[in-house]
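Chemist: A predicted structure for the sequence below; I have some questions about it.
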Amino acid sequence: MDDCRWYLELDWSSQGRVGTVRVDDAGRPFRTSAIKGLPRYVYSMREWVPHTD
């Protein structure tokens with residue numbers, strides 16, 4: 001099984017200010033995998049929820 005652990009670093013600027021925001025899973029990288037037949041999830045604002053077709 002292959003999996004991927006990742007986080008996002010978002011660089012931003014507004015009215016002359018700049019910064020970087022890290023998006024992660026409560027201080028840990030997100031972990032995702034792609035295996036046919038397993039349930040799928042989507043990130044909905046604050047949490048991962050089951051994907052419905």
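Modeler: Great, that's in hand.

Chemist: so how far is residue 53 from the residue most central in space within the chain?
Modeler: Within the chain, one residue has its C-alpha closest to the average C-alpha position: by CA atoms, centre = their mean, that is residue 30, at 5.6 Å. Distance of residue 30 to residue 53, computed by CB to CB, to the nearest Å: 22 Å. In this view, the C-beta of every residue, glycine as well, is placed from N, C-alpha and C.

Chemist: returning to that earlier point: check contacts around the closest residue to the residue nearest to the centre of the chain other than its chain neighbours.
Modeler: Nearest-residue entry for residue 30: residue 6, 5.6 Å, with adjacent residues in sequence omitted and distances by CB to CB, 6 or more residues apart in numbering. When contacts are counted by CB atoms under 8 Å, 6 or more residues apart in numbering, residue 6 is found next to 29, 30, 32.

Chemist: of those residues, which belong to strands?
Modeler: Assignment to strands by DSSP state E places the following of the contacts of residue 6 there: 30, 32.

Chemist: and which of the contacts of residue 6 is nearest residue 2?
Modeler: residue 32 (10.0 Å; CB to CB).
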